[in-house]
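A.B. asks: My questions are about this predicted structure, shown below with the sequence.
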Amino acid sequence: DYLIDSVDGSVKELGVSKAFIGLILVLIVGNTGEFVAAVNQAGKKNIDFALGLIVESTLQIALFVTPFLVILG
């Protein structure tokens, strides 16, 4: 709820559009759990699993955001 309530203030302060916040920042914040899990697994010397998490998360963001940026652009 806090993230959603802070969007209007962020748009005014940072000078970015709501589309940018919705398409980029929300996805990055939503995937922080996966990044934290990857760091934890890397710390446990489970590098293959950590790299798999990072690659899958990055592909998920790229495959979701890129079509919308093409449509909006």
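C.D. replies: Everything's here; your move.

A.B. asks: use CA for all of it now, contacts and neighbours both
C.D. replies: Will do.

A.B. asks: Now do the helices in the protein.
C.D. replies: 2-5, 7-14, 18-20, 26-30, 32-43, 47-72 (DSSP state H).

A.B. asks: Quick one: these as CSV, columns for mean pLDDT too.
C.D. replies: Shown next, in CSV, are the helices of the chain (pLDDT from 0 to 100):
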stretch, mean pLDDT
helix 2-5, 72
helix 7-14, 83
helix 18-20, 80
helix 26-30, 74
helix 32-43, 90
helix 47-72, 84
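
A.B. asks: any idea which of the ones you listed is most buried?
C.D. replies: helix 32-43 (a mean of 15; mean count of other Cα atoms under 10 Å).

A.B. asks: and that helix, what other elements does it pack with?
C.D. replies: Applying 3 or more Cα pairs under 8 Å, 6 or more residues apart in numbering; DSSP states H and E, one finds that helix 32-43 contacts helix 47-72.

A.B. asks: what angle sits between the helix it packs on and helix 32-43?
C.D. replies: Relative orientation of helix 47-72 and helix 32-43, computed by axes from the mean of the first three to the mean of the last three Cα atoms, to 10 degrees: 150 degrees.

A.B. asks: So which elements touch helix 47-72?
C.D. replies: The contact analysis (3+ Cα pairs under 8 Å, 6+ apart) places helix 47-72 against helix 32-43.

A.B. asks: And the contacts of the helix it packs on?
C.D. replies: 47, 49-51, 53-54, 57 (Cα atoms under 8 Å, 6 or more residues apart in numbering).
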